[in-house]
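Undergrad: Model the following, please.
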Amino acid sequence: MPNRSQGAYSSISFDELCASIISAKRNTQPIHVRALTEAERQAYPEQRYELISGERRLRACIECELPVRAVITTVPQTKNFGMDALMENLHRENLSPFEFGQQIRHVLATDSTLSFRRLATKLGCNVSNVSRAIDIASLPSELIAAFASCSDIRYADAKPLSDAVATARDAAITEALRIGNDRQALKPAEIVALIATAAKRNATKGQNSVDAEKGMSNDRSSSNRALFCADREVGLLKQDKLGRVQVNLMLTLTSEQQGALAKQIESFIQRRVLRISTEKASPAQPQSADFVEGSALLTEVPPLPKDKQRGVA
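TA: Numbers count the residues shown, from 1 in each chain. The predicted structure follows:
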């Protein structure tokens, strides 16, 4: 079961607990442990008990080098002690939102009869705080590590941090890693703001890319051109996102007309798009057209009779 974070043992309240234990030469409030079964002791020969609650008091007694007073239970391992530990922690030193969320998640995972609303009622806690604590405990580990201590994360930080992960997870994690060693110099609120801003910036950049793509698509759509013959619209020339051209005719063509049109299109592509010379493509073939690319072809004219050549320039 997840319990206190390491930051709980470097706080003023923990120092005060140690001082009170030294003064009384014992922990006045016993910890709660469960005696291991014979099978468990064979599996773990160096262990005799499982801690149920009182981790801070146990840790304080160890640091003060004093024996720890404990209440021992022989309740079978099948009992879920998560709720007991959570209740005791709430009635003693307050858990941080992250610690609270971790323990709530553990209790919910081990007791299928509980919902977080029902759990909140049993604990006498605000349902909103229970929900936000779960959100904080569910954050990526990189975001938790961006803070000097997980105890620095407040209930109010749950929404901006969760939103940042939902909006741009990779950007939020990257920013958390970038903060790195600066976390000691930054206030918790500043860290939250940096992560939230990085996620929003990434989301905006992505939206701009989408808008640019839409704009490009609209520009291309606006380049579509209607085809007219004798003031009558006969078709539409379209261009897709990749710049490819489609010609849609609103006419019915016979097979012969379709063949002639195909040849005209092929000729246009050959000469105007691929820039392939007609002469190079078929040098042995005589030219049958009167005009090619706007240049007139001169044909051989038979000579006039001698009596009619006078006056010919």
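Undergrad: so what's residue 176 up against?
TA: Applying C-beta atoms under 8 Å, 6 or more residues apart in numbering to residue 176 gives the contacts 140, 142, 143, 145, 146, 195. For every residue, glycine as well, the C-beta is placed using N, CA and C.
Undergrad: Go ahead and list the helix or strand containing it.
TA: helix 158-179 (DSSP states H and E).
Undergrad: For that helix, list every residue counted as buried.
TA: 158, 160-162, 164-165, 167-168, 171-176, 179 (16 or more other C-beta atoms under 10 Å).
Undergrad: Low-confidence regions, the stretch 1-150 of the chain specifically.
TA: 1-11, 75-94 (pLDDT under 70).
Undergrad: Helices of that one, residue ranges please.
TA: 12-24, 38-43, 55-64, 82-91, 97-110, 116-123, 127-137, 141-145 (DSSP state H, counting those that start in this stretch).
Undergrad: For the contacts of residue 176, name the two members farthest from one another.
TA: Largest separation among the contacts of residue 176 by C-beta to C-beta: 145 and 195, giving 11.9 Å.
Undergrad: Looking at these two, which one has more neighbours?
TA: With neighbours defined as other C-beta atoms under 10 Å, residue 145 and residue 195 compare such that residue 195 has more, 28 against 14.
Undergrad: Give me the residues contacting stretch 247-267.
TA: So stretch 247-267 is in contact with 227, 233, 234, 235, 236, 237, 238, going by C-beta under 8 Å, 6+ apart.
Undergrad: Neighbour count, distance to residue 120 and pLDDT added to these, as JSON lines?
TA: Below are those laid out as JSON lines (neighbours: other C-beta atoms under 10 Å; distance: C-beta to C-beta, whole Å; pLDDT from 0 to 100):
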{"residue": "227", "neighbour count": "15", "distance to residue 120": "69", "pLDDT": "77"}
{"residue": "233", "neighbour count": "10", "distance to residue 120": "68", "pLDDT": "74"}
{"residue": "234", "neighbour count": "13", "distance to residue 120": "72", "pLDDT": "76"}
{"residue": "235", "neighbour count": "15", "distance to residue 120": "68", "pLDDT": "81"}
{"residue": "236", "neighbour count": "14", "distance to residue 120": "63", "pLDDT": "80"}
{"residue": "237", "neighbour count": "14", "distance to residue 120": "65", "pLDDT": "79"}
{"residue": "238", "neighbour count": "15", "distance to residue 120": "60", "pLDDT": "81"}
